[in-house]
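**Q** this is a predicted model, with the sequence first.
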Amino acid sequence: VSVDLASPADVRRRFDEHDYLADDGISAAVFLSLRLGLPLLLEGEPGVGKTAAARVLAEVLGAPLVRLQCYEGLTAGEALYDWNYQRQLLAIRIAESQHQPLREADLFSEEYLVERPILRCVRYDGPTPPVLLIDEVDRADDEFEALLLESLGEGSVTVPELGTFTAKQRPIVVLTSNRSRELHDALRRRCLYHWLEYPEPKRVVAILRRTAPEASVPLVESVSRFVGHVRALDVDKPPGVAEAINWVAALGALGVTELVREVVVPTLGAVAKTPDDRDLVVASLHDYAFG
Amino acid sequence: VPTLLAGVDRAAFVAALVHRLRTRGVDVGMTSAAAFTEALEVVPPVRVGDLYWSARITLVSRQEDLASFDRVFDAAFADAVLTVDPHARRTGTAELPERPSDGLAPVPGDRDEEGTGSTLPWHTLPRHEDGIEDDDNPVVLPELLPSAVARIADTPLDELDGRELAVLGRWLERSAHEWPTRRSRRLGVGATGSRIALRATMAASRRTGGEAFALRRLEAVRRPLPVTLLCDVSQSMQSHSTAYLHLMRAFARSRQAETFAFSTSLTRLTPALRQASPTAAIALASAQVVDRYGGTHLAGCLKELLASRHAHGIRGGVLVIASDGWDSDPPGLLTATMARASRRARRVVWLNPRAAVPGFQPLVGSMAAALPYCDAFLPAHTLRGLDDVLAAISGGLSSRA
């Protein structure tokens, strides 16, 4: 893979330019994935920047981002390729009406092939290989994981009627998982693995200041502290960095400069995502020391 | 820049580290080892932190292994790591206590309850304990005849002796094969269905000279539902707990179910109950429950389960709770927790052996609080009752007794 990222530190610097604050772990993971040509499996709780990492990687490399959102029942027809049956039927009718001979091979040519994300990445013909983001792979089922093995392991897709397409440049593959289900070992074995932790408070502040430069420093710091407080409560769905970013944006939209009880309650929907969590957080406000 | 490991045979170094990891239970394959060797080449480690990340990203492939990996790594590079690596500084290099992989750490409970002076691993009825013997011995345990099952079919579970419990366990293991399923979004070839399976139809037409006589169809594939079983092992459930443990084992053996015991705290029993020998499995599971016959924190334990990562198994699955409903947590907490559990689960089945008593009324505060959220409420006090339980779990209506 021809990329101009020389070291993990370089990855970190370039990600920083695109407003993604990478720590040692993620920058090493991205660098190794590029250099060794292996897919990267990112796991972590929701909202810690797994999908964002893939997006920023594509921006940094100047490569197109091809995204495949996983769901149960995802098949080769949606992930790899499909035949354009309507066009094939039309071609048969036209040939009949014009009394032209039609060979079977004419119908199964590339003209009638519909590329889906993985085949599109394999056949991509550009200066830099595309970044293929296979998002939330834990939502798909075992059958889909098995389907991925050929394209991840060999960088190729086999269409029985046409033959095997092999990528000139291996696509850069990033898989994300929220760990709602254990992935199969065969898939893990083909990937580099990185577990993303929720960042420390200092890093949260740095990330928030980067994403909302207009927000005041005390506000960002108190939001970071409050989100840490909510995470320490026994909530159903602990808020991630993404929730903190949304909350700062919400507070900014309301013109808030200081986090006090009166602004927390109406904007809590950005942080607490179930009624139970909301009640728990509101109850905890009583003893929480603002400022 | 001077690098670490200069002049070191990388392959030997990697092999040694991989060997250490494997002996500590981290499953590292050859592909990962090769990737690490290559990583050492492309990122020559300057600090121990670089080495840490290269090793972790290439060698570890699941979150549960991170703690073991950190321990092995720290043991090998302890002194240097502490000074340069922030991650190590945070977690410390001291030998960490063994963390259970699922994060549900059992809290030691009060073991000085009266009446538990017995040294038996699980507190059944001691006078019959000699009845449990090697279950491979055909003389002790004859082939499971219907009559052996029929004889104990209506005996209350708390009156079964060791041998009868073994019969019950075997019967459960054979009977728990009907698994609850749901319709999935994936299609497979079948006899019914509205869409034609072109590939299968064409393949079948080769037998009839290229004429497609029989149409094959695509129908939805059914998938097994995850089943989660929770068994109360507090004082008041003491006499039923072994029988229910056999029930949980029958499910745990299938690799689709998660099983937990609770009294004051929650203990995951699935790995223990998957042992091949029922006697060993029950003994191991008993040994893991440290707080049996203490008080009950039903609501608290259920809440803990819903917050753990095993809660994903409850989503859209079947949740089975075996408890008499005595709870030292306030009923309000149980109402809220059961409401959450029932929103998440497809079916909630509650087993209460006390419900078999004629004239039983769910008057205990917690039982009354939980009842509106249960799809089935069964006595499950005899083998016949357990058969109804199996039917309720698999979603079938007819009883197979």
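**A** It's in.
**Q** Three-state assignment for the residue of the stretch 51-200 of chain B found nearest chain A, please.
**A** Nearest residue of the stretch 51-200 of chain B to chain A, counting by Cβ to the nearest Cβ: residue B:185, 3.1 Å away. Placement of C-beta: from N, CA and C, glycine included. Per DSSP: H, G, I helix; E, B strand; the rest coil, the secondary structure class of residue B:185 is strand.
**Q** does the spatially closest residue to it that is not a sequence neighbour belong to a helix, a strand or coil?
**A** Nearest residue to residue B:185 in three dimensions, chain neighbours excluded: residue A:73, at 3.1 Å (Cβ to Cβ, 6 or more residues apart in numbering or on different chains). With three-state DSSP as the basis, residue A:73 sits in coil.
**Q** how many residues are close by the residue of the stretch 51-200 of chain B closest to chain A?
**A** By the other Cβ atoms under 10 Å in any protein chain shown criterion, the neighbourhood of residue B:185 contains 13 residues.
**Q** isn't it up against residue A:75?
**A** No. Between residue B:185 and residue A:75 there is no contact under Cβ atoms under 8 Å: 9.6 Å.
**Q** ok, the residue of the stretch 51-200 of chain B closest to chain A to residue A:110 distance?
**A** Residue B:185 sits 30 Å away from residue A:110, going by Cβ to Cβ, to the nearest Å.
**Q** how about residue A:7?
**A** In this view, residue A:7 and residue A:110 are 40 Å apart by Cβ to Cβ.
**Q** does the helix or strand where residue A:16 lies come close to chain B?
**A** Following DSSP states H and E, one finds residue A:16 within helix A:8-17. Yes. For helix A:8-17, a contact with chain B is found by Cβ under 8 Å from any Cβ of the partner chain, at residue A:8.
**Q** what comes into contact with the very next helix or strand once past that helix?
**A** Reading on from helix A:8-17 to the C-terminus, the next helix or strand found by DSSP H and E is helix A:24-36. With Cβ atoms under 8 Å, 6 or more residues apart in numbering or on different chains as the test, helix A:24-36 has contacts from A:1, A:3, A:5, A:7-12, A:15, A:22, A:38-40, A:42, A:49, A:53, A:57, A:172, A:174, A:192, A:194, A:196, B:35, B:38-39, B:42-43, B:49-50, B:53-54, B:56-58, B:86-87.
**Q** quick one: helix A:24-36 to helix A:8-17, angle?
**A** With axes from the mean of the first three to the mean of the last three Cα atoms, to 10 degrees as the basis, helix A:24-36 and helix A:8-17 are set at 110 degrees to each other.
**Q** average pLDDT across helix A:24-36?
**A** The average pLDDT within helix A:24-36 is 93.
**Q** on that earlier part again, distance check, the residue nearest to residue B:185 against residue A:41.
**A** Where residue A:41 is concerned, residue A:73 sits at a distance of 22 Å (Cβ to Cβ).
**Q** same deal with residue B:188?
**A** Using Cβ to Cβ, we find residue B:188 at a distance of 28 Å from residue A:41.
**Q** comparing the two, which residue is more hemmed in?
**A** residue A:41 (28 against 15).
**Q** can you tell me the SS state at that one?
**A** Taking three-state DSSP, the label given to residue A:41 is strand.
**Q** got a pLDDT number for it?
**A** 96.
**Q** quick one: residues contacting the single nearest residue of the stretch 301-401 of chain B relative to chain A.
**A** Closest to chain A within the stretch 301-401 of chain B is residue B:312: 4.7 Å, counting by Cβ to the nearest Cβ. Contacts for residue B:312 (Cβ under 8 Å, 6+ apart) come out as A:180-181.
**Q** that's a helix at it, yeah?
**A** Yes. Applying three-state DSSP, one finds residue B:312 inside a helix.
**Q** now the phi/psi pair for residue 193, please.
**A** Since you didn't name a chain, this refers to chain A. Torsion angles at residue A:193 (phi, psi; degrees, to the nearest 10) stand at phi -120, psi 130.
**Q** please refer instead to chain B.
**A** Torsion angles at residue B:193 (phi, psi; degrees, to the nearest 10) stand at phi 120, psi 160.
**Q** residue B:381 now?
**A** phi -110, psi -10.
**Q** could you do residue B:217 as well?
**A** Per degrees, to the nearest 10, the backbone of residue B:217 is at phi -120, psi 160.
**Q** got it, and residue A:81?
**A** According to degrees, to the nearest 10, residue A:81 has phi -160, psi 170.
**Q** skipping adjacent residues, who's closest to it in space?
**A** residue A:119 is the one closest to residue A:81 (Cβ to Cβ, 6+ apart), at 4.5 Å.
**Q** check what pLDDT whichever residue of the stretch 1-150 of chain A sits closest to chain B gets.
**A** Proximity of the stretch 1-150 of chain A to chain B (Cβ to the nearest Cβ) peaks at residue A:73, 3.1 Å away. Looking at residue A:73, its pLDDT is 86.
**Q** contacting residues for it?
**A** A:141, B:184-187 are the contacts of residue A:73 under Cβ under 8 Å, 6+ apart.
**Q** now those residues: which count as buried?
**A** Buried subset of the contacts of residue A:73 (neighbour count, 16 or more other Cβ atoms under 10 Å in any protein chain shown): A:141, B:184, B:186-187.
**Q** now render these as TSV, adding pLDDT and distance to residue A:131.
**A** Formatted as TSV, the buried ones among the contacts of residue A:73 follow (pLDDT from 0 to 100; distance: Cβ to Cβ, whole Å):
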residue	pLDDT	distance to residue A:131
A:141	87	24
B:184	85	30
B:186	85	28
B:187	86	31
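**Q** what residues does the stretch 51-200 of chain A put near chain B?
**A** A:71-73, A:75, A:141, A:143, A:179-182, A:185, A:188-195.
**Q** which ones among these lie within strands?
**A** Of these, the ones assigned to strands by DSSP state E are A:192-195.
**Q** highest neighbour count among the residues you listed?
**A** Going by other Cβ under 10 Å, residue A:192 tops these with 27 neighbours.
**Q** just read off the phi/psi values of residue A:163.
**A** Per degrees, to the nearest 10, the backbone of residue A:163 is at phi 120, psi -170.
**Q** counting neighbours, what do you get for it?
**A** 8.
**Q** tell me the bridge partners for it.
**A** As for beta bridges, residue A:163 partners with residue A:159 under DSSP bridges.
**Q** centroid residue for the chain?
**A** Since no chain was named, I'll use chain A. With distances taken as Cα atoms, centre = their mean, chain A has residue A:51 as the residue nearest its mean C-alpha position (2.6 Å).
**Q** actually it's chain B I care about, not the one you picked
**A** Chain B has residue B:258 as the residue nearest its centroid, 2.5 Å off, counting by Cα atoms, centre = their mean.
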